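Peer 1: The sequence isn't on hand, but the structure is:
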């Protein structure tokens, strides 16, 4: 097992024999490191934390530490990170809290850039890109293939839908971001339109893309309230699974959504 002699690993930690632990890494009890995961240097990881296979951690990140929620009283809570994630310098990932399910969870194949903060009880899906200094409050949900631009912040309990793009410097996002949408950056976050290029890359059909573009236009620029826009979509827009996903996302948007 390639472990640098300056690394400090608690006897109650578990490190796969094929993992790499670089200089000055500190692993506490109940830290589990999967096969072929590489910790380059100067990482601090507290348990209970499970890290899967083939992950790459760059220096100076802090993983699985207690949340910054003032209600947190030391109760048992976990951090779980999947496979094939790249986590760059100075990333902070806090473990969950009792009030949020006691779990912070990150899926597979995510690209998490420098200085990103992922707060307690956040759920990050698969294949997401989080730009430099993106900041997530507690209880946020980021669905698969979402792309969040640098220096954007997300309010607690907000969601970013699947295949959505949030532009860099988007300030404080206080409502849900619709799946398959693009938002423009600025102090007033607005939906610009459909993420057509992203959908094409995901292999979504042209018919579905056209339906989503029309639906997003009605929802955000049709001068209709949400109920009127949905009724018009049901009447006029050809159905597809992606459209149903969009409408279900709206139905469950407790904070409203970015228009």
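Peer 2: That came in fine, so what should we check first? All of these numbers come straight from a predicted model, not from anything done at the bench.
Peer 1: got the contact list for residue 69?
Peer 2: 97, 99, 119-120, 138 (Cβ atoms under 8 Å, 6 or more residues apart in numbering). Just so you know, the C-beta spots here come from the backbone N, C-alpha and C atoms, and that holds for glycine as well.
Peer 1: do that again at 10 Å, thanks
Peer 2: 94, 96-100, 119-121, 137-139, 156 (Cβ atoms under 10 Å, 6 or more residues apart in numbering).
Peer 1: Sort out for me which of these are in strands.
Peer 2: Residues of these located in strands (DSSP state E): residue 94.
Peer 1: Can you say which of the contacts of residue 69 are buried?
Peer 2: The neighbour count (16 or more other Cβ atoms under 10 Å) marks 94, 96-97, 99-100, 119-121, 137-139, 156 as buried among these.
Peer 1: Which of the contacts of residue 69 sits closest to residue 240?
Peer 2: Residue 240 has its nearest neighbour among the contacts of residue 69 in residue 139, at 30.4 Å by Cβ to Cβ.
Peer 1: Report the contact partners of that closest one.
Peer 2: Contacts of residue 139 (Cβ under 10 Å, 6+ apart): 69, 96-97, 99-101, 104, 119-123, 155-159.
Peer 1: Ok, residue 136 next?
Peer 2: 93-94, 104, 116-120, 122, 124, 130, 142, 148, 152-156, 158, 160, 173.
Peer 1: One more: residue 230?
Peer 2: With Cβ under 10 Å, 6+ apart, residue 230 has these contacts: 215, 218-219, 224, 246-247, 250-251.
Peer 1: Mind giving me the PyMOL command for buried ones among the residues you listed?
Peer 2: Provided next is the PyMOL selection string for whichever of the contacts of residue 230 are buried by 16+ other Cβ under 10 Å:
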select buried, resi 215+218+219+246+247+250
